[in-house]
Each structure stands twice: as structure tokens, then as C-alpha cells.
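Enquirer: predicted model and sequence follow; I will ask about them next.
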Amino acid sequence: MSGDLTEVADKSVRGGLVLFLSEAGSTTILALGSILVARFLGPEYYGVYSISLAAPAIIISLIGLGLDETIIRFSAKLRSENRSAQLLSFMKNAITFRLAVSLVAWLAFFLSSDILASTLLNRPEAGGYVKLSSLLIIFQALFSILYNLYVGLDRYGAGATAKISMSIVKSVSAPLLVIIGLGVVGAVLGHVLGFVAATIIAMSMLYLGPYRALSSTADGGGEYRGSFRGDLKTMIGYGLPLYTSSLMLLLVEQYRLILLAHNISDLEIGNFQAAGNFATLITVISTPISMALFPAFSKLDPSGEDVRKAFQYSVKYTAMLIVPTALLTILMSRSLLEVVYGHKYQLAPSYLSLYATIYLYSAIGSTVLDYFFNAIGKTTINLKATMIYVTLFIPLSIALTPLYGVTGLILSVLASFTLKVVYSIYVARNKLRAPIDFKNSASILVASGAAAIPTLPLALNQPMPTHLNLLLGGIIYLATYLTILPIIRGLDKTDIEILRKLSSNYGKLKPIIDLVMRYESILVKKT
């Protein structure tokens, strides 16, 4: 790798580690809180709780305007170019604009919450819950832009602190409020309090850290004579295609829940939500990688060879982590959900197994493609890919959900997502000269699939207590995968050298990674 690419890769790995640890910690804490809330409320009331959060999420998507992605790209780019005054102006105006829009949206939503609960959610009795959850429009929206700003500034630790704080407050307060008798109200209030705390902490750290640092180096703004209107024009110009794309995806996500609300029972919705919550554990791996790649790609010349090499390395190495994780989740879904939720959620394992297959697409770049296009400024490609997804998903889901319930909805998602990824791969290969190495993809899929064979008896029969069954299944799967991958040349000498270099930033995890790399090296030499 070239010097620039190596430097960017090193920073991305360090940032990815912090994001991974924070995502893992935050997700674990949130999962524990979610488990308690789900257990205390039961499937039916947990379904009501989930539906009550759907409407504010729609509004948050409406007011996004692509600012979250925009702030990552421009803060990373301006910082790498040492344009402190412009960066300071950009971040102040972005936060101000987000706050103003969210306040207006919150007021309109609050005043119409009863109507929305009745018409949009088909649950007139949920009006009070929706009013309470409306505060998310302010605090979740603000927290989102602050967190993404930290990512763009390479201040991963500060973002991690705020996110984990949100997780702790939410996961402690929500179950506690349910226990003392507040029921669904307590669960919703605890959810809101998490984002209130996180926003206050993130804003305080921003003022005391990056804001003061940038102010001291910006020479009073003398080197950049920007304006709110000028910065807003830049934000909207870059972010509009992203906003349209994200808006469609987020609206479709909420539409999915609304579609279920009109076609199936609260019991089935609760099972689907439980499965979805567990599927997000896979994002403990995928999200930190994606978040670190976005600013990394933004720092490279979009017309240069380095960015294309970075793309290909990223596709391969993310797939090596995410594909086996997804397949293990599919195999052990019953054990996983029994450990977490107990035996009440009988439908959730089949939903989880089916839904988790979407993460297998990381073998052909699904985790990386969107961030690659955004970082090099080709945001309209993602917009077109999203339009393809939505155009196919809506008629499929309308046809399949009434017939097959949650299963029909998930099949609609998978079919639509397949077409979206195929289009993105075509554009990357033929228009941007950034092809996917399908040989590597096939090797990773084969190794992951072969590792499932010795794990199947434990997945199908559960011959021992659930915890032990899950632990042993995971060990067998991982050992088999790490053995087969180098044997079928899914991992070669060059990969091992790159991974060893990058793992030098992994601190206390480095000895474990070195041990794995030594084992892989032995197998590579024998092949």
C-alpha cells in the first residue's frame, strides 16, 4: 500500500477499534435493557412500545436532510486540509440548523400526535405514548449529528462516551420505570431519557474539546468568510441525494412496521421486533467498520488509485468478519434467542434466521458500497440504488405481507436488497473502475458455509444446556472457519502481512490477533 493509503488505513483501524468497542459496549448494554423491558412488558405490550416509537422515527428521518453524512465527509475533508475556520463555521451552522428544524418539527408533531396514532399507527389508544416519544425528535436528532461530527473529526472516544452514556441511562431507567408500575409509559420515558443525557454530554464535550481547539487555530475566522446561507447551500448540495435516499430507506423501515400493524397481531410484531433487536448485534461488527471507512475514503483522492485499492481491501476484510458472524447467527438463532429472551418468543428464531441472511451480502460489498459512493461524492448513485430497492419492495411487501405475515415482509426485503446491491456493483465496476473480486467473495462464502457443517448437530438438536450449546457451537464454527479460509486461499500471505500491520494499533487485542495470524500463516505455507 502507498504511504497515504497506509496512513489513512492506520487511522481507520484505530478509529474502527474504538467504534467497535463502543458499539459492542453500547449494544450489549442496550440489549440487556431491551431484554428486561421485553420480559417485563411481555410480547403484546412490547409490540405497543415498539409501535409508539415508530412515528417519531419517521419525523426524524424527514428532518435529516443528509446532514449526518455531510458532517462526516466535510469535517474529515476540511480537517485533513487544515481549514480550521471553515470547519468551525461548518459545524456551528450544521448544529444550529438541525436544532431549529427539530424544534419546529417537534411542535407540529406534538400537536397532531393523537391523529397520527389513530390514522398512521392504527392504535388510537397509543396517543399518549406517542406524545411522550415526540421528544426524540429533538434529542435523538441532535445526538445523531453530534455523534457523526465526532466521527468526522477522528474524536471517536468522545462519541463513544456519549453513546455508551445513552445506553446506560436508557437501559437502567426504562426497566426500572416499568417495574415501578409505569408500564409502556415507563419504557418510552426511559428511551427518551437516554437520548437527553447523551445529547447534553456530547454537546458539553464538543464545546470543551474540538470547538475550543478549532477556535484557537482559526484566527478568529479571518481565513474563511463564510455565512450560514453559504454553508447551508454546501450542505444541501451534497446532502440532498443522501437525504432523499436515507429518507426513503427510513420511511420504508417505518412503513414495514406500520404494514405489520395493519396486518398481524401485536404478538407477532413483538416477536419480529425481538428478532430485529438481536439482528442488530451483527452491526456491532459492521457499523464501526462502515463508520470508520467513510472518513477514510473522504481523505483520499476520489480519482486516484489509492481509493480503489482501499475499496477492494475493505470489501474483502469486512466480508471476512461479517459473513461468518451472520451465518453463525442463522445457525444458532434458537439458542441465541432462548438465552436472551427465554421461551416466550417462539416465532423469533425463524424470523432472525431469515432476516440475518441480508448480512451475507457483505461478501459482495454491501457493507462498503454505500459509504464508498458517498465518500467520493457520487451520492446520486446511492439515490438511484435506493429508488430501485423501494420500487421493488413496496409492491412485493403489499402482496406478500397479508399472505405470509412477517415472513412475507422479510422475503420482500431480501429480494429488493438483492437488486439494489447488483446495481451498485455494476456501477462500481463499469463506471468507477472499482470491481468486486468475486473469487475472494466466493472463498469467504465457501469457508463460512463449510464451517457450518460440524456446527449443525448443535444447532438442530441442542443436546446440552442452551448456554453451553451456544458456546461450544461458536467455538467449533470459528475454529473450522479459520482453518478452511486459508486452505481454500481465501486468505494469502499478502493479506496476513496487511492484517498484521493494521493490528499493531489494536493494543491489548494484538496478542490474540497475532496468535490467529500465526495459525493462518502456518496453513498458508502448507497450501
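Expert: Right, received. Where do you want to start? As the structure is a prediction and not an experimental result, all values here were calculated from the model.
Enquirer: buried sites along the strand or helix carrying residue 77?
Expert: Per DSSP states H and E, residue 77 falls inside helix 67-80. Taking 16 or more other Cβ atoms under 10 Å as the basis for neighbour counts, the residues of helix 67-80 that come out buried are 67-79. C-beta coordinates here come from the backbone N, C-alpha and C atoms, glycine included.
Enquirer: equivalent analysis for stretch 210-217, please.
Expert: Under the neighbour-count criterion of 16+ other Cβ under 10 Å, stretch 210-217 has 210-211, 214 buried.
Enquirer: what does it contact?
Expert: Residues external to stretch 210-217 that are found in contact with it (Cβ atoms under 8 Å, 6 or more residues apart in numbering): 84-85, 87-88, 91, 149-150, 153, 155, 158.
Enquirer: so which of these comes closest to residue 382?
Expert: Using Cβ to Cβ, residue 149 is the member of those that sits closest to residue 382, with 20.9 Å.
Enquirer: ok, now how distant is that closest one from residue 227?
Expert: For residue 149, the distance to residue 227 equals 20 Å [Cβ to Cβ, to the nearest Å].
Enquirer: when these two are compared, which one has more neighbours?
Expert: Here residue 149 and residue 227 are set side by side on neighbour count (other Cβ atoms under 10 Å), and the busier one is residue 149, at 25 against 10.
Enquirer: the more buried one: what's it in contact with?
Expert: For residue 149, the contacting residues are 71-72, 75, 91, 94-95, 206, 210, taking Cβ under 8 Å, 6+ apart as the criterion.
Enquirer: do residue 450 as well
Expert: Residue 450 is in contact with 480-481, 484, counting by Cβ under 8 Å, 6+ apart.
Enquirer: three-state assignment of it?
Expert: Reduced to three states with DSSP: H, G, I helix; E, B strand; the rest coil, the structure at residue 450 is helix.
Enquirer: what pLDDT does it get?
Expert: In the predicted model, residue 450 carries a pLDDT score of 93.
Enquirer: with residue 501 instead?
Expert: Per-residue confidence at residue 501 stands at 67 (pLDDT).
Enquirer: can you name the element that comes right after the helix or strand hosting residue 483?
Expert: Element membership for residue 483, per DSSP H and E: helix 466-487. Towards the C-terminus, the helix or strand next in line after helix 466-487, according to DSSP H and E, is helix 493-502.
Enquirer: elements contacting that following helix?
Expert: Counting contacts by 3 or more Cβ pairs under 8 Å, 6 or more residues apart in numbering; DSSP states H and E, the secondary-structure elements packed against helix 493-502 are helix 3-52, helix 305-331, helix 510-526.
Enquirer: can you say which of those helices is nearest to residue 395?
Expert: Each of the helices and strands packed on helix 493-502 was scored for nearness to residue 395 using Cβ to Cβ, and the closest is helix 3-52 (23.7 Å).
Enquirer: closest to residue 263 among the contacts of residue 450?
Expert: The shortest distance between residue 263 and any of those, using Cβ to Cβ, involves residue 481 and amounts to 38.7 Å.
Enquirer: show me what the helix or strand containing residue 349 is packed against.
Expert: When elements are defined using DSSP H and E, residue 349 is found to belong to helix 348-355. If you count contacts as 3+ Cβ pairs under 8 Å, 6+ apart, helix 348-355 packs onto helix 266-279, helix 305-331, helix 333-341, helix 406-430.
Enquirer: tell me the mean pLDDT over the shortest one?
Expert: Which is helix 333-341. 80.
Enquirer: send the alpha carbons of that helix over as CSV?
Expert: The C-alpha coordinates for helix 333-341 follow below in CSV (Å, rounded to 0.1, in the frame of the first residue of the first chain):
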residue,chain,number,x,y,z
SER,A,333,-30.7,-18.4,16.3
ARG,A,334,-32.8,-20.6,18.6
SER,A,335,-30.1,-20.9,21.2
LEU,A,336,-29.3,-17.2,20.9
LEU,A,337,-32.8,-16.1,21.5
GLU,A,338,-33.6,-18.6,24.3
VAL,A,339,-30.5,-17.3,26.2
VAL,A,340,-31.6,-13.7,25.7
TYR,A,341,-35.4,-13.7,25.8
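Enquirer: the inter-axis angle of that helix versus helix 348-355?
Expert: Calculated by axes from the mean of the first three to the mean of the last three Cα atoms, to 10 degrees, helix 333-341 forms an angle of 120 degrees with helix 348-355.
Enquirer: on the pLDDT front, check residue 268 for me.
Expert: If you check residue 268, the pLDDT there is 83.
Enquirer: out of the helices and strands packed on helix 493-502, which gets nearest to residue 374?
Expert: Among the helices and strands packed on helix 493-502, helix 305-331 sits nearest to residue 374 (Cβ to Cβ), with 12.3 Å.
Enquirer: hmm, back to that, residue 245 is nearest to which of the helices and strands packed on helix 348-355?
Expert: Closest approach to residue 245 among the helices and strands packed on helix 348-355 is made by helix 406-430 (10.5 Å; Cβ to Cβ).
Enquirer: that closest one - contacts with which helices or strands?
Expert: Here helix 406-430 touches helix 228-263, helix 266-279, helix 348-355, helix 366-375, helix 379-404, going by 3+ Cβ pairs under 8 Å, 6+ apart.
Enquirer: now it: mean pLDDT?
Expert: Along helix 406-430, the predicted local confidence has a mean pLDDT of 92.
Enquirer: likewise for stretch 75-94?
Expert: The average of the pLDDT scores along stretch 75-94 is 80.
Enquirer: span of that stretch from start to end?
Expert: Counting by Cα to Cα, to the nearest Å, the length from the leading to the trailing residue of stretch 75-94 is 11 Å.
Enquirer: what comes up buried for that stretch?
Expert: Of the residues in stretch 75-94, those buried under the neighbour-count criterion (16+ other Cβ under 10 Å) are 75-79, 83-91, 93-94.
Enquirer: any residues touching the helix holding residue 77, and which ones?
Expert: 84, 86-87, 90-91, 94, 97-98, 144-145, 148-149, 151-154, 234-235, 238-239, 242-243, 246, 291, 294-295, 298-299, 374-375.
Enquirer: which ones among those map onto strands?
Expert: The subset of the contacts of helix 67-80 located in strands under the criterion DSSP state E is empty.
Enquirer: what ranges of the stretch 1-150 of the chain fall below the confidence cut-off?
Expert: When residues are selected by pLDDT under 70, those of the stretch 1-150 of the chain lie in 1-23, 119-122, 124-126.
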